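Just the structure for this:
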Amino acid sequence: MRAERSIALVGLVGLLGLAGCGTNGYAGLGLDSSVSMESGTLYSRNGVAAILVKTVGPLSESTQLASLGAQEVSLDPALTAMGWRRLAVPSGSVGNALSAVTGDPDVVAAEPDNEIDAPVTLAAPALPTAGTVFGSSPLPAPNSQQYAPQITRAEEAWSISTGQGQVIAIVDSGIDPGHPDFAGRIAPGWNTVDNTNDDRDDYGHGTHCAGIAAAYASGPNGVMGIAPGATLLPVKALRADGSGSNSSVAGGITWAADHGATVISLSLGGPADSKVLDDAVAYALGRGCSVVAAMGNAGDHVKSFPAAIPGVIAVGATDRDDRIASFSQYGNWNSVSAPGVGIYSTFPTYHVTLNDEGLSENYASLDGTSMATPAVAGAVADIRAARPHLLPVQIKAILQDSADKVAGRTDFDPHYGYGRIDVLAALQSQ
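The predicted structure is shown next:
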């Protein structure tokens, strides 16, 4: 398996005091280097990084900030309404900038805009699935190279619910709008990297996750997602090189919550807790959105955020034999597990960055808790469609209580969480 890809700091947009906040201040600039800090890894572009500041009033004018060349740049309106501001500073001056703002009595939080990782690894070619037990649903059967809809009993559950009427936001690298397995089921999305409506996937990760959640096979070679009746909402928070940041992801979460999402799928994470991510997740949960996030691919028990934020459904990865994946992170914040090894799904119908690593166009196989996460997001959509009155906390409890205690487990396990999801059992639970 190849090493995980790092997700770099998102471009900074709209300089302080200037109009045109939708322009990307990093357009056309090359990447510089990661800067290790006590709170995580900061990414700079062309020597510029960012800090995030939350205030209870206007940020006081600071001679020190001015001397550092700090410039305010745009954030999602929901984050701005919470008091968050983003300041661009030279990457070598981040510590000084944080020191300057923490002395302001109106500042309640300040942090560097750290990078986040998209946990994904290249997979061996998918194997045909044998011994499929088909449900009574009139929908197409899953592709023979798939096993997640079968092993989680989602296929049997489609006679009860397909997630129809639910909107799954894929906060990721965008989605291929022309893939036939998404035809007619992609809502207009947003790009939090550039503050535009260009939500087209140029990396590949987002399209793959979208198919796991809600693809509907367009033909014999197509694939079926766990919630094939749901609508997909693309939120492009990652660049073509797999880069993003706490602010781009937080903005993606709040934007999705404000634009019709009922489920938010986050196949990304990092080791540093972030107050802006905490606030974004709380905002989404408060609006009735279920939030699902990947445990991470480091194979250790280090917390990954946003998965470890309270209220989030944290997801580990299993294989087709219900064994926990060796790369899947573990801990007492793990909610459930789902198939994440050798996952065959949709891929962009045009060339993207990940094709340079040997992946084909149209369909591809990947490993990762990234792949397990949208499977759970699809299960959530199925539950919500059947029981729309349920709150996010209730849906999380249903998923955990109905999960299959695989591999001889009888109770909670830090590797499996409460077990591998069972969509049919979740829908049949009282």
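
use CA for all of it now, contacts and neighbours both
OK.

Break the protein down into its domains, please.
Following automatic domain parsing, the chain resolves into domains at 31-112, 121-428.

Columns mean neighbour count on top of these, output as CSV?
Compiled in CSV, those are given as follows (neighbours: other C-alpha atoms under 10 Å):
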stretch, mean neighbour count
domain 31-112, 18
domain 121-428, 23
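
Who are the contact partners of residue 261?
Residues near residue 261 by C-alpha atoms under 8 Å, 6 or more residues apart in numbering: 166-169, 233, 289.

Just those residues: which are in strands?
Counting by DSSP state E, the contacts of residue 261 place 167-169, 233 in strands.

Find the residue at the geometric middle of the chain.
residue 266 (1.6 Å; C-alpha atoms, centre = their mean).

got any ranges where this protein has weak pLDDT?
Applying pLDDT under 70 to the chain picks out residues 1-40, 43, 61, 119-120, 122-137, 430.

circling back: pick out whichever of the ones in strands among the contacts of residue 261 sits closest to residue 301.
The closest of the ones in strands among the contacts of residue 261 to residue 301 turns out to be residue 169 (C-alpha to C-alpha; 27.5 Å).

So the closest one is in contact with residue 256, correct?
Yes: between residue 169 and residue 256 there is a contact at 6.3 Å, judged by C-alpha atoms under 8 Å.

shared neighbours of these two, anything?
233, 235, 264.

mind putting these in JSON lines, distance to residue 198 included?
Shown next, in JSON lines, are the shared contacts of residue 169 and residue 256 (distance: C-alpha to C-alpha, whole Å):
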{"residue": "233", "distance to residue 198": "13"}
{"residue": "235", "distance to residue 198": "9"}
{"residue": "264", "distance to residue 198": "19"}
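
just curious, which of those residues is nearest to residue 74?
For these, the nearest to residue 74 is residue 235 (16.9 Å; C-alpha to C-alpha).

measure the closest one to residue 252 for me?
Distance, residue 235 to residue 252, by C-alpha to C-alpha, to the nearest Å: 6 Å.

what's the answer for residue 363, then?
As judged by C-alpha to C-alpha, residue 363 and residue 252 stand 26 Å apart.

what's the host helix or strand of residue 279 packed up against?
Taking DSSP states H and E as the definition, one finds residue 279 inside helix 275-286. Secondary structure elements in contact with helix 275-286, counted by 3 or more C-alpha pairs under 8 Å, 6 or more residues apart in numbering; DSSP states H and E, are helix 246-258, strand 290-294.

export the ones you listed to CSV and tack on distance to residue 383?
Shown next, in CSV, are the helices and strands packed on helix 275-286 (distance: least, C-alpha to C-alpha, whole Å):
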stretch, distance to residue 383
helix 246-258, 18
strand 290-294, 11
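
So residue 54 lies in a strand, does it not?
Yes: using DSSP: H, G, I helix; E, B strand; the rest coil, the assignment for residue 54 is a strand.

what's near enough to touch it?
Per C-alpha under 8 Å, 6+ apart, neighbours of residue 54: 82-85, 107-110.

go again using 6 Å as the cut-off
The neighbourhood of residue 54, defined by C-alpha atoms under 6 Å, 6 or more residues apart in numbering, consists of 83-84, 107-109.

Tell me which of those residues fall in strands.
Secondary structure from DSSP E places 84, 107-109 of those in strands.

Rebuild the contacts of residue 54 as TSV, extending it with distance to residue 371.
As requested, those are exported to TSV (distance: C-alpha to C-alpha, whole Å):
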residue	distance to residue 371
83	34
84	31
107	38
108	36
109	33
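
closest to residue 138 among those residues?
Of all these, residue 138 sits closest to residue 84, with 48.4 Å by C-alpha to C-alpha.

picking up where we left off before, residues touching the residue nearest to the centre of the chain, list them.
171, 292-293.

For it, name its beta-bridge partners.
As for beta bridges, residue 266 partners with residue 293 under DSSP bridges.

How about residue 353: what's its closest non-neighbour residue?
Closest residue to residue 353 apart from its sequence neighbours, by C-alpha to C-alpha, 6 or more residues apart in numbering: residue 203 at 4.8 Å.

Give the helix, strand or coil label for the one you found.
Three-state assignment for residue 203 (three-state DSSP): coil.

Was I right to think it contacts residue 352?
Yes: assessed by C-alpha atoms under 6 Å, residue 203 is found in contact with residue 352 at 5.1 Å.

Thought residue 367 was touching residue 342, still the case?
Yes: judged on C-alpha under 6 Å, residue 342 makes contact with residue 367 at a distance of 5.4 Å.

what distance separates the start and the end of stretch 282-294?
Termini of stretch 282-294 sit 17 Å apart (C-alpha to C-alpha).

ok but residue 366 is inside a helix, no?
No: under three-state DSSP, residue 366 sits outside any helix and is assigned strand.

Number the residues from 39 up from this point.
Taking 39 as the first residue, the last one we looked at is residue 404.

Please verify my assumption that it contacts residue 381.
Yes: contact criterion C-alpha under 6 Å: residue 404 and residue 381 qualify, at 5.4 Å.

Tell me where the stretch 339-468 of the chain has strands.
Taking DSSP state E, counting those that start in this stretch to define them, one finds strands in the stretch 339-468 of the chain at 351-356, 374-377, 381-384, 401-405.

Reformat the ones you listed into TSV and put distance to residue 227 next to each item.
Shown next, in TSV, are the strands of the stretch 339-468 of the chain (distance: least, C-alpha to C-alpha, whole Å):
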stretch	distance to residue 227
strand 351-356	23
strand 374-377	27
strand 381-384	18
strand 401-405	22
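
Take stretch 392-409, keep the C-alpha atoms, and write them as CSV.
C-alpha atoms of stretch 392-409 as CSV (Å, rounded to 0.1, in the frame of the first residue of the first chain):
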residue,chain,number,x,y,z
LEU,A,392,-4.9,9.8,-9.2
ASN,A,393,-4.9,8.3,-12.7
ASP,A,394,-1.2,9.0,-12.7
GLU,A,395,-0.8,6.3,-10.0
GLY,A,396,-2.2,3.6,-12.2
LEU,A,397,-6.0,4.0,-11.6
SER,A,398,-8.2,3.7,-14.6
GLU,A,399,-11.0,6.1,-15.6
ASN,A,400,-14.7,5.3,-15.0
TYR,A,401,-14.2,2.7,-12.2
ALA,A,402,-11.4,1.9,-9.8
SER,A,403,-10.6,0.0,-6.5
LEU,A,404,-9.2,1.8,-3.4
ASP,A,405,-8.6,0.9,0.2
GLY,A,406,-9.1,3.2,3.2
THR,A,407,-11.3,4.4,6.0
SER,A,408,-12.2,6.9,3.3
MET,A,409,-14.1,4.1,1.5
